[in-house]
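Undergrad: Provided below are the primary sequence and the corresponding predicted coordinates.
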Amino acid sequence: MRIRILGSAAGGGVPQWNCACAGCSAARASGTHRTQDSVAVTGDGTAWYLLNASPDIRAQLLAAEPLRPGPGPRDTPIRGVLLTTAEIDHTAGLLSLREAGALTLYATGTVLGALRTALPIVPVLRRYTELRVHALPIGEPVPLEGGLTVRAAAIGAKVPRYADQCAADERAGDDWVCALRVSDDRTGRAFVYATCLPEWSDTFDEFLDGADAALLDGTFATEDEPARQAGLSRTPRQMGHLPITGAIPALRRHGRTRVLFGHLNNTNPFAGTGAETPVEIAQDGQELDC
């Protein structure tokens, strides 16, 4: 199984277009940048799946040689998209994929409900392409092309700002945020993707157990970062993100798993190039063999 990290930043990327904080200013001065969180995985090198579709998806695909179209004029190796949330920075890129001949979309029923109504990406896409939508069941394995299987775990109930009315619907579930575990059927190796992790629960600890690699929530480095760097009153956990320092103690139980941290906010000191870090930080364009 091959994993390509398409983007490693939180919403807005680094630098953000409207921000002159220390991190964004340093990124502009150095000419470096991080695009927004998204990953591509394949089991056979031919059929690729996107884990989230960021607003930067076009640039990310153009930069990834394995994801280039061909050999036919409209052929593409992208077989589908699996969403972990309904957040704009994880879903807006779907609109850039509207030119596909066909597109398969997987997400929890709760997320799909928001994308049908409050942010009607699903009905919009149906006017442009053959859209195949599948509800992603929590805990049940779902086969993918190329010899992969994916399983989802519900890890959070943070509702996107635009979707308050959806959350008020009594039919809505609480699986607004999920982690994905992608397994290679031939080798048994597994990759866990959880870049919006509000807490390290027993459920998530069990979900991660035995994985060979994982990309986890690195939005904030420390608990006091939002207050110290941006003057915000809410803590990382209140915003749905366990800080890296909060995850480190739990990682000692998963010593055989290679863990990287992505979805870095512009305030995160680890987002800069050359920064000394106590953990491995994901980079745009980085590839992993799992």
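TA: All right, it came through fine. Keep in mind it's a predicted model, so treat the numbers as computed, not measured. Numbering: from 1, shown residues only.
Undergrad: Quick one: the helices in the chain, in order.
TA: For the chain, the helices defined by DSSP state H occupy 22-30, 57-62, 88-91, 109-116, 121-126, 164-168, 202-208, 225-230, 244-251.
Undergrad: tell me the most buried of those helices?
TA: Highest mean neighbour count among these (mean count of other Cβ atoms under 10 Å): helix 88-91, with a mean of 24. (Glycine included, C-beta is placed from N, CA and C.)
Undergrad: what pLDDT does the residue lying closest to residue 199 once chain neighbours are set aside get?
TA: Using Cβ to Cβ, 6 or more residues apart in numbering and skipping residues adjacent in sequence, the residue nearest residue 199 is residue 242, 5.7 Å away. Looking at residue 242, its pLDDT reads 98.
Undergrad: Just name whatever secondary elements the helix or strand bottoming out on mean pLDDT in the chain is in contact with.
TA: Lowest mean confidence among the helices and strands of the chain (mean pLDDT, DSSP states H and E): helix 164-168, at a mean of 83. Contacts defined by 3 or more Cβ pairs under 8 Å, 6 or more residues apart in numbering; DSSP states H and E place helix 164-168 against helix 109-116.
Undergrad: switch the cut-off to 6 Å
TA: Packed against helix 164-168 by the contact rule (3 or more Cβ pairs under 6 Å, 6 or more residues apart in numbering; DSSP states H and E) you find no helix or strand.
Undergrad: Need the CA coordinates for that helix. CSV is fine.
TA: The C-alpha atoms that make up helix 164-168 are tabulated as CSV, following Å, rounded to 0.1, in the frame of the first residue of the first chain:
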residue,chain,number,x,y,z
ASP,A,164,-26.4,23.7,12.8
GLN,A,165,-29.9,23.0,11.4
CYS,A,166,-28.7,19.5,10.3
ALA,A,167,-27.5,18.8,13.8
ALA,A,168,-30.9,19.9,15.2
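Undergrad: Name the surrounding residues that touch that helix.
TA: 113-114, 118, 159, 172 (Cβ atoms under 6 Å, 6 or more residues apart in numbering).
Undergrad: got it, and stretch 14-34?
TA: By Cβ under 6 Å, 6+ apart, stretch 14-34 touches 8-9, 13, 266, 271-273, 284.
Undergrad: just to revisit the earlier point, lowest-confidence one in the contacts of helix 164-168?
TA: Within the contacts of helix 164-168, residue 172 has the lowest pLDDT, namely 68.
Undergrad: and the least confident helix or strand of the chain, how far from the chain's centre?
TA: 23 Å (Cα atoms, centre = their mean, to the nearest Å).
Undergrad: where are the low-confidence patches of the stretch 1-150 of the chain?
TA: Counting by pLDDT under 70, the stretch 1-150 of the chain shows no low-confidence range.
Undergrad: Strands along that one, start to end?
TA: Assignment of strands within the stretch 1-150 of the chain using DSSP state E, counting those that start in this stretch yields the ranges 2-7, 38-42, 48-51, 78-82, 102-107, 130-135, 142-144, 148-156.
Undergrad: just so I know, which of those strands lies nearest residue 63?
TA: strand 2-7 (8.0 Å; Cβ to Cβ).
Undergrad: got the angle for that closest one vs strand 38-42?
TA: Put simply, strand 2-7 runs at 170 degrees to strand 38-42, going by axes from the mean of the first three to the mean of the last three Cα atoms, to 10 degrees.
Undergrad: by contact count, what packs against strand 2-7?
TA: Under the contact rule (3+ Cβ pairs under 6 Å, 6+ apart), strand 2-7 is packed against strand 38-42.
Undergrad: if we look at the sheet, which residues does residue 130 bridge to?
TA: residue 102 (DSSP bridges).
Undergrad: Count the residues that sit near it.
TA: 11 (other Cβ atoms under 10 Å).
Undergrad: any idea how far it is from residue 104?
TA: Note on residue 130: its distance to residue 104, by Cβ to Cβ, to the nearest Å, is 9 Å.
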